[in-house]
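Student: The amino acid sequence is not available; the structure is as follows:
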């Protein structure tokens, strides 16, 4: 069951999703309540499982990964999903994996150093996994929107 949140919680959530390092006292000032109240509310949200955690987000390009691609993976049969997933998890360049409906069994997001590196990952790693029938690749040229779900 979803946690009950009020307007102050929504404001806190939006401020934290914009900047997870914002000081609680700054949030308190912006919300018009005490720092202790902010700590209590954030703790309540954390305890309820509302937040999945906080982390630094790495700019992939700064590590030399200039190519972002999405790969639709066709499975031979639906029942090979778990075995294929275990192999997919071993590929460090895959940063997201979704088990999907529609034409693909899996849809993954990959960061590669360049197109040649991407080709090697596809041809010599992903397509070699037992249970994968074929793949379709889409290269991302730009990511003009990057955000989380907004609390209105």
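Tutor: On my side now, so go ahead. Keep in mind the model is a prediction, meaning the values are calculated, not measured.

Student: how about the helix or strand harbouring residue 121: buried residues?
Tutor: Residue 121 belongs to helix 115-124 when assigned by DSSP states H and E. Buried residues in helix 115-124, counted by 16 or more other Cβ atoms under 10 Å: 117, 118, 121, 122. Glycine gets a C-beta too; all of them are placed from N, C-alpha and C.

Student: what's the answer for stretch 52-62, then?
Tutor: Neighbour-count burial for stretch 52-62 [16+ other Cβ under 10 Å]: residue 60.

Student: Same check on stretch 6-21?
Tutor: 9, 11, 12, 13, 15, 16.

Student: hang on, the earlier thing: now the buried residues of helix 115-124 in JSON lines, with distance to residue 143 and pLDDT?
Tutor: Formatted as JSON lines, those follow (distance: Cβ to Cβ, whole Å; pLDDT from 0 to 100):
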{"residue": "117", "distance to residue 143": "19", "pLDDT": "98"}
{"residue": "118", "distance to residue 143": "16", "pLDDT": "98"}
{"residue": "121", "distance to residue 143": "19", "pLDDT": "98"}
{"residue": "122", "distance to residue 143": "20", "pLDDT": "98"}
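
Student: From these, pick the one nearest residue 50.
Tutor: Nearest to residue 50 among these, counting by Cβ to Cβ, is residue 121 at 35.1 Å.

Student: OK, contacts around the closest one?
Tutor: 91, 93, 110, 112 (Cβ atoms under 8 Å, 6 or more residues apart in numbering).
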